[in-house]
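1. Provided below are the primary sequence and the corresponding predicted coordinates.
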Amino acid sequence: MDAESRRKKIIEFLSGADKPVSASKIAKEFKVSRQIIVGDVALIRAAGTEIEATPRGYILRGREEQNDSSGIVRRVASKHTAEQMQDELYTIVDNGCTVIDVIVEHPVYGQLAGSLHLKSRYDVDQFIEKVEKSDALPLSFLTEGIHLHTLSCPDEASWERVRDQLEKKGYLLDR
């Protein structure tokens with residue numbers, strides 16, 4: 001298969017995925033190296049297809065939200081220490097919401113965002129493990145713990161539960 005055909009197939013593959021797919025899994029599917037897939041995804045993005053890189057793999061932008069279009073999307077402003085990050089994320093997913101991203105305000109670059117797409121404790125654990133094993137710091141480190149999360153919630157009640165629990169734990173920046 002030539003490179004252009006493979007890139008079209010990668011888009012089709014991601015279109016059919018209901019969760020993020022790692023570059024290694026895509027590479028295995030197409031019998032090429034992981035680095036080839038990383039390059040292909042860069043070229044696909046450059047051509048205008050919006051592919052997000054999450055801690056668990058690639059996903060077409062908006063794909064997860066399409067799977068649950070009955071919910072609401074809200075933002076929450078939080079502040080906590082690095083040691084409290086897992087508890088904050090557990091609080092959100094345990095109350096039925098998905099953590100779509102994390103956003104911080106950088107003094108030079110402006111708004112910086114990282115895709116997360118965390119739906120469960122398992123997803124949170126995988127993310128925390130990746131943070132602990134890497135030399136990279138969480139984005140909230142740049143802002144002394146202050147950050148936003150975009151959340152996808154099934155309904156207003158779950159959104160209110162998340163806000164209430166974050167406030168009780170002292171993570172909510174300002175209600």
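-> Ah, there it is. On a predicted model such as this, the values are computed, not experimentally measured, just so you know.
2. in this protein, which spans are strands?
-> Remark: strands assigned in the chain by DSSP state E are 51-54, 57-60, 72-79, 98-106, 110-118, 146-153.
3. would you mind putting those strands into a markdown table with mean pLDDT and distance to Lys168 alongside?
-> All C-beta atoms are positioned from the backbone trio N, CA, C, and that covers glycine. Shown next, in a markdown table, are the strands of the chain (pLDDT from 0 to 100; distance: least, Cβ to Cβ, whole Å):
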| stretch | mean pLDDT | distance to Lys168 |
| --- | --- | --- |
| strand 51-54 | 85 | 28 |
| strand 57-60 | 88 | 32 |
| strand 72-79 | 92 | 13 |
| strand 98-106 | 90 | 18 |
| strand 110-118 | 89 | 21 |
| strand 146-153 | 92 | 17 |
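4. could you dump these into TSV and include distance to Met85?
-> Formatted as TSV, the strands of the chain follow (distance: least, Cβ to Cβ, whole Å):
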stretch	distance to Met85
strand 51-54	16
strand 57-60	21
strand 72-79	10
strand 98-106	10
strand 110-118	11
strand 146-153	10
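5. Ala77 and His149, how far apart?
-> For Ala77, the distance to His149 equals 8 Å [Cβ to Cβ, to the nearest Å].
6. same deal with Gln126?
-> Applying Cβ to Cβ to Gln126 and His149 gives a distance of 17 Å.
7. so which of those two has more stuff around it?
-> His149 (24 against 14; other Cβ atoms under 10 Å).
8. what is the more buried one paired to in the beta sheet?
-> Here His149 sits in beta bridges with Val76, Val102, as judged by DSSP bridges.
9. ok, now which ones touch it?
-> Taking Cβ atoms under 8 Å, 6 or more residues apart in numbering, we find His149 in contact with Arg75, Val76, Ser78, Ile92, Val99, Ile100, Asp101, Val102, Ile103, Leu116.
10. who's in contact with the residue nearest the centre of the chain?
-> Taking Cα atoms, centre = their mean, the centroid of the chain lies closest to Leu116, which sits 1.4 Å from it. Leu116 is in contact with Thr54, Pro55, Val99, Ile100, Asp101, Val102, Phe127, His149, counting by Cβ under 8 Å, 6+ apart.
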